[in-house]
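1. Sequence first, predicted model second:
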Amino acid sequence: MPINIPQYLPATEHLKKEKIFVMEEERSKSQNIRPLNILIFNLMPEKEKTELQLLRLLGNTPLQVNVTFLNTATHESKNVSKSHLETFYTTFQEIKDDRFDGMIITGAPIELFDFQEVDFWAEHQQILDWAQTNVTSTLHICWGAQAALFHLYGIGKLALPEKCSGVFQHKVVDSTVELIRGFNDVFPAPHSRNTTVSIEEVQNHPQLELLASSEEAGVFLVLSKDERHIMVTGHLEYDADTLGEEYARDVAKGLNPKVPKYYFPNDNPSEKPYNTWRSHTHLLFSNWLNYYVYQETPYDWVESGRNHSLTSSCL
């Protein structure tokens, strides 16, 4: 089934070339179907790249998906045009009375700042609190995951002695959990961050379940026991060349970064890297949409009248 996206969104042509079924808003309105409404709170600086990465994954399931892009009102994005934001993005004040079946909160390259130092932190907290009653399930990625662990569960982040960058192996803790159904017992995933969280704090928290971790990269996948929040500390959505682009950018800035681990063939930045995590990325997103969004969201938010108990209803 297609993803329904705003007309003229730049990612559309890329998705069509990849044979992702895309339907623009005008056509979708003519269909008598209840699609899933997914809100994407995009905090990444290069927003168009992240749009393409996430839409590619949302478009690879049997479910029809409507997508709304959300941007901060209290922070000015500098790496994307103002016209792009005005055309394709909304702000929290414009959607705060709406309800969504799912939400994705991306990472942001700000993890070295204390949460309280982030200029949109108060807005971010407001959105997390709003999601408790207005969103069936939220997927938090990288900095977004650390922000959720801190605000919702009181688990702070810890600075790393050096950046965690590379493609690391992770072990599944419990393969019976629906979110990781179909995962290999050991699977690769990219990381790109300067902070981490305590694995002991996650394991000992009564409201959280650790689903996957890495001996080198630490905590990777965490599920809240009410199944409303999923925290992914890495970047399964990354393309094959994303880590390489980040490495080249840091080299150009004179930051003298280390080569991302287990990423370039022969650890040689001049060789083309391969995407070894793609299958697990698609599994994670399809499992999330199926088990935690589609099968749990009310069919009609208005008629359901449920603010706190988002019990299941078939679409």
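-> Sure thing, it's come through. Because the structure is a prediction, the values reported are computed rather than measured.
2. drop to CA atoms for contacts and neighbour counts, all remaining ones
-> OK.
3. what about the stretch 151-300 of the chain, any weak spots by pLDDT?
-> The stretch 151-300 of the chain contains residues with pLDDT under 70 at 299-300.
4. For stretch 54-74, list every residue counted as buried.
-> Neighbour counts using 16 or more other CA atoms under 10 Å place 54-61, 63-72 of stretch 54-74 among the buried residues.
5. Same question for stretch 270-285.
-> By neighbour count on 16+ other CA under 10 Å, the buried set for stretch 270-285 is 273, 277-278, 280-285.
6. now stretch 158-172
-> By 16+ other CA under 10 Å, the buried positions in stretch 158-172 come out as 163-172.
7. and if you look at stretch 96-115?
-> Within stretch 96-115, the residues that count as buried by 16+ other CA under 10 Å are 99-107, 110-112, 115.
8. Show me the buried residues of stretch 54-74 that map onto helices.
-> Among the buried residues of stretch 54-74, the residues falling in helices (DSSP state H) are 54-58.
9. In the stretch 1-150 of the chain, where is pLDDT below threshold?
-> Looking at the stretch 1-150 of the chain by pLDDT under 70, you get 1-8, 14-16, 18-33.
10. all strands of the stretch 101-250 of the chain, in order?
-> 135-141, 158-172, 186-196, 208-214, 218-224, 229-232 (DSSP state E, counting those that start in this stretch).
11. Give the pairing partners of the fifth one; include direction for each.
-> Neighbouring strands of strand 218-224 in its sheet, by DSSP bridges, are strand 208-214 (antiparallel), strand 229-232 (antiparallel).
12. What of the third one?
-> For strand 186-196, the paired strands and their directions (DSSP bridges) read strand 158-172 (antiparallel).
13. what's the burial count for residue 125?
-> Neighbour count for residue 125, taken as other CA atoms under 10 Å: 15.
14. distance of it from residue 226?
-> Distance from residue 125 to residue 226, counting by CA to CA, to the nearest Å: 19 Å.
15. Residue 145 now?
-> According to CA to CA, residue 145 stands 16 Å off from residue 226.
16. Need the buried residues of stretch 270-285 in CSV (columns: secondary structure and distance to residue 257).
-> Below are those laid out as CSV (DSSP: H, G, I helix; E, B strand; the rest coil; distance: CA to CA, whole Å):
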residue, secondary structure, distance to residue 257
273, coil, 17
277, coil, 23
278, helix, 25
280, helix, 28
281, helix, 26
282, helix, 30
283, helix, 32
284, helix, 30
285, helix, 31
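17. Quickly name whichever of those residues is closest to residue 256.
-> Residue 256 has its nearest neighbour among these in residue 273, at 20.1 Å by CA to CA.
18. So the closest residue to residue 250 other than its chain neighbours, which state does it fall into?
-> Leaving aside its sequence neighbours, residue 250 sits nearest to residue 257 (CA to CA, 6 or more residues apart in numbering; 6.3 Å). Here residue 257 is recorded as coil under DSSP: H, G, I helix; E, B strand; the rest coil.
19. Could you provide the buried residues of stretch 96-115 in JSON lines, with additional columns for distance to residue 201?
-> Shown next, in JSON lines, are those (distance: CA to CA, whole Å):
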{"residue": "99", "distance to residue 201": "32"}
{"residue": "100", "distance to residue 201": "30"}
{"residue": "101", "distance to residue 201": "29"}
{"residue": "102", "distance to residue 201": "27"}
{"residue": "103", "distance to residue 201": "25"}
{"residue": "104", "distance to residue 201": "24"}
{"residue": "105", "distance to residue 201": "22"}
{"residue": "106", "distance to residue 201": "23"}
{"residue": "107", "distance to residue 201": "21"}
{"residue": "110", "distance to residue 201": "22"}
{"residue": "111", "distance to residue 201": "19"}
{"residue": "112", "distance to residue 201": "20"}
{"residue": "115", "distance to residue 201": "18"}
